[in-house]
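[1] sequence-free structure coming up:
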Ligand SMILES: Nc1ncnc2c1ncn2[C@@H]1O[C@H](COP(=O)(O)OP(=O)(O)OP(=O)(O)O)[C@@H](O)[C@H]1O
């Protein structure tokens with residue numbers, strides 16, 4: 001990857017009862033949106049929490065802006081990070097929206113009160129209310145507004161859309177796209193929502209059983225993983241690059257899924273052959289195949 005990395009993880013591991021998350025080696029490029037996806041329990045929240053040292057890794061090294069820290073992050077780094085955890089803290093439940101915002105604004109010297117206020121309005125967060133008496137969605141909208149308000153260099157959002165209604169969800173997508181326009185923000189978000197990945201992500205990190213299966217550019221993933229139809233025999237199809245699966249379709253036709261559609265097209269062209277049809281896979285199909293491909297003996301992306 002050419003871009004300078006904002007965060008680097010090398011062999012980062014956390015032991016969880018009988019499970020192990022890691023070792024994770026990953027570079028988060030600056031100025032992009034990176035979506036962490038994967039099944040329940042695959043380690044997404046653990047990874048997000050380690051990125052802010054809310055969970056301290058047992059092994060490995062993480063560097064933030066080329067600085068390595070093994071314990072709690074120092075203030076000059078922490079101030080540049082906005083964090084919305086999956087489990088929202090109960091500590092502030094007796095604080096009103098205003099009191100909680102005032103507290104946070106002391107932490108962040110770049111806190112923009114006008115921006116925060118505008119975000120509360122567009123999200124429809126009630127004012128003067130205690131955080132503890134808000135609905136789940138209202139509280140999350142408050143947290144997203146508070147994370148955005150200091151215009152942090154890094155935004156860590158752990159399932160930010162959980163509990164949001166469809167209108168709030170669209171508004172969140174819009175606000176995240178807006179805050180990327182300055183080119184100075186990096187977002188790492190974990191999500192189960194395919195549409196969120198499609199609309200926001202530049203890169204996708206896939207986690208499975210505590211491991212990072214890979215990090216790929218979303219566009220290249222969607223351009224290259226395709227279902228194709230061809231008039232040819234099975235031997236030819238099996239020789240093509242990136243074949244995940246194939247099946248006969250009758251009348252001498254075969255359909256197959258490849259992870260390298262562009263390379264397939266080039267090879268066929270040079271032998272005077274053409275694909276009859278191609279179908280771009282849906283993102284959830286791609287993620288499924290990717291996970292299956294990570295099983296021993298299967299094709300890797
Ligand atoms: N504090 C903890 N103590 C012990 N085990 C934990 C702890 N937190 C998480 N785990 C375990 O670590 C594994 C990864 O959990 P994690 O919350 O990181 O997954 P996730 O990918 O975020 O899941 P989900 O999609 O359900 O939010 C799970 O098996 C979980 O049970």
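    Structure received. Treat the numbers as computed from the prediction; the structure is a model and nothing was measured.

[2] ok, now which ones touch the spatially most central residue of the chain?
    With distances taken as Cα atoms, centre = their mean, residue 35 lies nearest the centre of the chain, 1.1 Å away. Residue 35 sits next to 189-191, 196-197, 200-201, 203-205, 218 when contact means Cβ atoms under 8 Å, 6 or more residues apart in numbering. Quick note: C-beta positions are derived from backbone N, CA and C, even for glycine.

[3] Kindly report the same for residue 11.
    Applying Cβ under 8 Å, 6+ apart, the residues near residue 11 are 22-25, 59-61.

[4] same thing but at 6 Å, please
    Contacts for residue 11 (Cβ atoms under 6 Å, 6 or more residues apart in numbering) come out as 23, 60.

[5] What values do phi and psi take at the residue located most distally from the centre of the chain?
    Residue farthest from the centre of the chain, counting by Cα atoms, centre = their mean, is residue 251 at 42.6 Å. When quoted as degrees, to the nearest 10, the phi and psi of residue 251 stand at phi 50, psi 40.

[6] Give me the spatial nearest neighbour of the residue nearest to the centre of the chain, chain neighbours excluded.
    residue 201 (3.8 Å; Cβ to Cβ, 6 or more residues apart in numbering).

[7] And residue 252, by the same measure?
    residue 231 is the one closest to residue 252 (Cβ to Cβ, 6+ apart), at 5.4 Å.

[8] Out of the contacts of residue 35, which comes closest to the ligand?
    Distance to the ligand across the contacts of residue 35 (Cβ to the nearest ligand atom) is lowest for residue 190, with 6.3 Å.

[9] What about the closest one, how many residues nearby?
    A count of nearby residues for residue 190, using other Cβ atoms under 10 Å, gives 24.

[10] I'd like to know the beta-bridge partner residues of the residue nearest to the centre of the chain.
    With DSSP bridges as the criterion, residue 35 is bridged to residue 189, residue 204.

[11] And it, how far from residue 188?
    Remark: distance between residue 35 and residue 188 (Cβ to Cβ, to the nearest Å) = 8 Å.

[12] separation between residue 224 and residue 216?
    Separation of residue 224 from residue 216 (Cβ to Cβ): 9 Å.

[13] Residue 79 now?
    31 Å.

[14] just residue 58 next, same as before
    Taken as Cβ to Cβ, the span from residue 58 to residue 216 is 28 Å.

[15] what secondary structure does residue 28 sit in?
    Classification of residue 28 using DSSP: H, G, I helix; E, B strand; the rest coil returns strand.

[16] Hmm, it is touching residue 7, no?
    Yes - using Cβ atoms under 6 Å, residue 28 is in contact with residue 7, at 4.2 Å.

[17] mind checking pLDDT for residue 250?
    pLDDT recorded at residue 250 is 87.

[18] List the beta-bridge partners for it.
    Here residue 250 sits in beta bridges with residue 253, going by DSSP bridges.

[19] hang on, residue 230 packs against residue 275?
    Yes - between residue 230 and residue 275 a contact is recorded at 5.5 Å, counting by Cβ under 6 Å.

[20] Mind checking which of those two has more residues around it?
    Between residue 230 and residue 275, counted using other Cβ under 10 Å, residue 230 has the larger neighbour count: 23 against 17.

[21] any idea how far the more buried one lies from the ligand?
    Using Cβ to the nearest ligand atom, to the nearest Å, residue 230 is found at 38 Å from the ligand.

[22] so that residue sits in a strand?
    Yes - per three-state DSSP, residue 230 lies within a strand segment.
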